Structures are given as structure tokens and as C-alpha cells.
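> sequence plus the predicted model coming up.
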Amino acid sequence: MDGLRFLAWRRVPVVSEILGRTAKNFEPHIEQAFVVAEGAAVQDIRKFEAALFVLRKKASNFAGLVPGLPFYVCSLSCRVINYKGMLTCPGLARYYPDLGEEDFQSHVALVHSRFSTNTFPAWRRAHPFRYLCHNGEINTLKGNVNAMRSREGLMRSEVMGPELSQCFPIIESDQTDSGIFDNVLELLTISGRSLPEAVTMMMPQAWENSTSVAPEVRDFFKFQAATMEPWDGPALICFTDGDGVGASLDRNGLRPCRYYVTKDDKLIVSSECGVLPQIPPENVLQKGRLRPGKMLWAEFEHGRLIEDDELKSRMASAHPYGSWLEARSLSQNVLEQNAQKGGFSGKRPDQKTSATLLRCLGYSKESLEMLLLPMGQEGEEALGSMGNDTPLASLSKQPRNCFDFFYQLFAQVTNPPIDPIRESIVMSLQCWIGPEANVLSMPEPAHCRRLWLEHPCLLPGQMSALQGIHLSLRDWRSTTLDATFPKSENLDGLERHLGRICHEAIQAANTGCQVIVLSDRSITQDRVQLPSLLCCGAVHQALVIHNLRSKTALIVDSGNLSRWPTMPCS
């Protein structure tokens, strides 16, 4: 392909006798390919890396079309080489004799030995990945994957050009959460962002409620949040692109990270102390631990360690993020101002109508008295236990609310419950909604041309203003889709109208509609609602499949009593 010339294959020498039985049964055939740069890639290492990325993705996608062909490229880079497998740490160097050769030298080594918590162990899922090692779990993984899949419809890359489309899907679906995080981190870095900035973009610190974050750094994080949602969960990330090495903790700091800097210019980072016990104490120049959301980065070119404050300040000063946000983004105040101008008001329905609507919308006496009443009286949620492992009542003939069939999904390992009161500094409901820009382009004002909500629930006047958004908010347009269907059509009607509303949403997104509202206001004695959770999920997935989800905001207007209660926004 353009910019590359193949030289030769090399069979990697291995010592199979040291493998355990399971690892031996799945031992792969390992070879190294030698490729050289040609043309423009000779002078530009970024273009060389991009060409190698495209080659690897093309080869992997082609191999995926061949049934029963196991194929995985551990690394294809001019800066990093990857040796890994189902091995213990001492067994790594014994299995690969290359690592014991005297002329095998490197500025950096990433090593991580762990058991698999979320997926079945395999050679291809072993650490390290192409850019990182990861200790932890990404609990928001499914949403992150859906968002990245939808962004493929907007992705353009100057360095990869039209060949980028041949690299889709970006995410390797059979990988672990660590491997998937690495897929996205690699793409962002090859497209032009620095590796520390890409990590910060995916795994930001808690900035919304922190008083210690400088205003310009806060603007930086708010701008990045408009470009990509956080990949959240307990995580320690160690990463390298061959030009430097760094580490970062998640916003909660639920994984440990210790580091030493020695007088002979070594940086040692690990989850525990004492991994290299031979270091004399008098040789230690500096030691410490990473705090929640913090990062450190060692630059090989300048031979220095850059700590979090300097690193984040450098990122924040690269562009006028505050000016861009002020000039291009939209705030919730705009909705409130337009609600006041519209003079919106609603009337409370009579008691009989209220009771009918409550039954239609699935409210029970228990939910009213135990959940909603405490919220209305005290402004807080009723106390309850964490988690719910109650078996589904599959044989019951009693109707159940759609929400009863969905429970929280996360890794049941060492994740402690988060207290939203004591740990409010890391909890936030603020979010961006509206169409996104190309995630692979360098930061520009178009990335923050979105609507910033302080919380995801809108008051009646705000919802009314949002539905009339084309009258006031630049050139945005909204449409409201009817999320009800005739009661006479029964279950067949439920399925048919779910398909109908998905089709209408796809049409609206294709015609440039930036806000789609799913509303069940048309509910009557003869028309019943599509369950809001089912309806929202179906439309969301339909838009993801058609690469349209990142082009529109999806708002749910449901469960209201003639416009009186707050209306959840998704």
C-alpha cells in the first residue's frame, strides 16, 4: 500500500516447554513482519504510523472474513514492539529468548500480570496492549462502545484520508474492556492528539465540583467533554507511545499507583511498592503516589518527568477553550429564558384524571408512597440497599413495569459503592447534548457547538422551549415523535410501533434534525404508551446502527401529568 514496502517475515523463537497446559493448548504461531517507509512516510513518522495502522486494520478485517482463522496483530509500529501471552511474569523472558539478547534495548517496558475479571483469558487478551496496560474495569463500556460506533459516521482523518473507512469497525468486539479502551486511545493518538491529552480526554479528572481546578483547566475539561464522554470506572492506566511513558488514575482513585524516581534516571511505576526490591534507598530521588484523576508523564526527548499540574496547564493553554465555549456553546439558561418568553403554563388535571394517568403510566401505591412521596417532601431519595439480585418473576401472570426487568450491570469485584453526599466532588449530572463534531479533528470551536445541561431533567417550560428550539437556538431543529399506539392492537401493535418510531427517528436524523423528542403526551383511554425505557433503547440502538446517534440529541418526554412533573432527558 502507499507509503509502505514489505521486507520479510521472521519466525519468533519461543520456548514452548515452559507453558502450562491451557496456554500450550492455545499456543499461537508467532511471526514478525518487517515493513519500511516510502515516499512521504519517510520524512513524517506520523504518516508512517498511520499507514501501519491502516495496514493492520485491513489485514485484521480481511482475516475476520475467513471462518475459523484466528489472527491477531500484537503490534505494528515503528516505535513500540509487543511481546505477550498467557504467561507468568518470570515466564515471559523464558518464553521469548529475544528479551534476553544483549542488543535488545528499550527506554521503557510495560508489564502487567492479571487474571481476567470480565472475559475469558486468551493470548490476544493478555496485557500489554498496543499503547497501555490497565488495572481496573471500565464500567461504562457498553455506552462508550455504542458512542464510538455511532461516531464512525462522522469520522474524517487528514493523516489517514479516505482509507480510514476501510479501518471500521475501530473497536475489536472480542477484546476486553482494556483492549477496547486501547483501540480508541490508539486512534485518537494516531490522528494527531498527544498521548497524554488522549488519555485525559477519555479518563478526565473530577473537575465539575472541584474548587482546586484552575478556570482555564476547567474550560479545557468542559470542552473535551463535548467531544467525548468519560470512560468511567476504577482504573490505573500506564501508557506509552515509544516517545514517552505515563500513568493516570481514574477520578475516584479506586486503584493504587506508586512511583519512584531514582538518581540514575529511572522511573518505576506500579500498583504496589517493592516490585524491584534491589533499589537502594539512597538512590531514590523522589517517591510518591498518584492521587485521583492525576497523571504523570516522562518525556524521553527532554529527559524530564512532567507532573499533573504542569501537564494539564500545558494542555489547557494550547487553545482558547474558554472563548470557544462562550462563543459557540449553548447553556441551560437559554432554555429558561425562552421558557419565560413563551409564557408557558400548565394546569393540574383533576383527581380522577390523575388517577387514570398514574395507572396508565405504571405507578403503583408502593412506588408513590415509598419513592415519590419522600422525594417530594424531603427533596431526596428514599434509603435502600445497593444492588438487586431478585430473580425475574418469569412465570407470573401479573403485569410488570418495564423498568423492573433491568438492573445495574457492572463488574462484581472490588468496586465499592459511591456515596453521592460524601463524595459529591466526583459526582455530577451535568452533560452535553446535541450533534457532535468529528472526534478525530484537532480541537476547534465546532466541537463545543452543543447544549450544556446542568442536570438531565427538564422542567415543563424548558421542555417546551426545547421543542421550539428552531425559533431561538441558531439553526437547530427539533421534532416530536408520538410514543403511543392504539390499545386495540395489543402486543403486535407494540412491536410494530417500536419499528415505526425507530424509522421516524432515522428519517429525522437523516434530514438534519438536531433534537428528537419521544413523547407519550397523546396517551388516552384508547391509546397506550410505548414503555419509555423500551422506546428510548430501541431508538438509541437504531440510530447507533445507522451511525446517526452522534448527530442528534434524544430526549424522553414521559410519565408526565399534563405537563406538570419534571421530564427525564436522555
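Thanks, I have the structure now.
> hey, let's count contacts and neighbours off CA atoms from now on
Fine.
> strands of the stretch 351-500 of the chain, start to end?
431-433, 451-453, 457-458, 478-482, 484-486 (DSSP state E, counting those that start in this stretch).
> closest to G246 out of these?
strand 431-433 (28.4 Å; C-alpha to C-alpha).
> mind listing residues that contact that closest one?
225-226, 450-456, 552-553 (C-alpha atoms under 8 Å, 6 or more residues apart in numbering).
> ok, now with 7 Å
Here strand 431-433 makes contact (C-alpha atoms under 7 Å, 6 or more residues apart in numbering) with 226, 450-455, 553.
> could I have the buried ones of those as ChimeraX selection syntax?
Burial among the contacts of strand 431-433 is assessed by 16 or more other C-alpha atoms under 10 Å; the matching ChimeraX selection reads:
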select :226,450,451,452,453,553
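> so for the contacts of strand 431-433, which is the shakiest by pLDDT?
Within the set of those, pLDDT is lowest for H455 (85).
> I'd say that one and S428 touch.
No - contact criterion C-alpha atoms under 7 Å: H455 and S428 do not qualify, at 8.2 Å.
> mind putting the contacts of strand 431-433 into TSV with distance to G493?
Output for these, formatted as TSV (distance: C-alpha to C-alpha, whole Å):
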residue	distance to G493
A226	38
R450	36
L451	35
W452	36
L453	35
E454	37
H455	34
A553	26
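> between the contacts of strand 431-433, which sits nearest R314?
A226 (19.6 Å).
> quick one, what contacts that closest one?
So A226 contacts 432, 447-448 (C-alpha under 7 Å, 6+ apart).
> so it sits in a helix?
Yes - under DSSP: H, G, I helix; E, B strand; the rest coil, A226 falls within a helix.
> how near is it to E436?
7 Å (C-alpha to C-alpha, to the nearest Å).
> give me the pLDDT value at the residue lying farthest from the centre of the chain.
The centre of the chain is farthest from one residue, K352, which by C-alpha atoms, centre = their mean lies 45.4 Å away. For K352, the pLDDT comes out at 73.
> quickly note the distance from it to R304.
73 Å.
> go on, H447?
Taking C-alpha to C-alpha, one finds H447 at 32 Å from R304.
> more crowded one of those two?
H447 (24 against 12; other C-alpha atoms under 10 Å).
> least reliable of the strands of the stretch 351-500 of the chain going by mean pLDDT?
Among the strands of the stretch 351-500 of the chain, strand 457-458 scores lowest, at a mean of 84.
> checking A8 next. Helix, strand or coil?
Quick answer, by three-state DSSP: A8 is strand.
> for the protein, which residues score under the pLDDT cut-off?
The chain contains residues with pLDDT under 70 at 1, 115-118, 338-349, 383-389, 407-419, 469-474, 560-570.
> please redo it, this time with the cut-off set to 50
471, 561-570 (pLDDT under 50).
> break it down into its structural domains.
4-318, 329-363+407-568 (automatic domain parsing).
> turn those domains into a markdown table, columns for distance to R400.
Shown next, in a markdown table, are the domains of the chain (distance: least, C-alpha to C-alpha, whole Å):
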| stretch | distance to R400 |
| --- | --- |
| domain 4-318 | 26 |
| domain 329-363+407-568 | 8 |
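> ok, which of those comes nearest E381?
Of all the domains of the chain, domain 329-363+407-568 comes closest under C-alpha to C-alpha, at 11.3 Å.
> okay, now A316: neighbour count?
Neighbour tally, A316, other C-alpha under 10 Å: 22.
> how much space separates it from W207?
13 Å.
> and I268, by the same measure?
I268 is 28 Å from W207, by C-alpha to C-alpha.
> who has more neighbours, the two?
W207 (23 against 16).
> can you tell me the SS state at the more buried one?
W207 ends up coil, using three-state DSSP.
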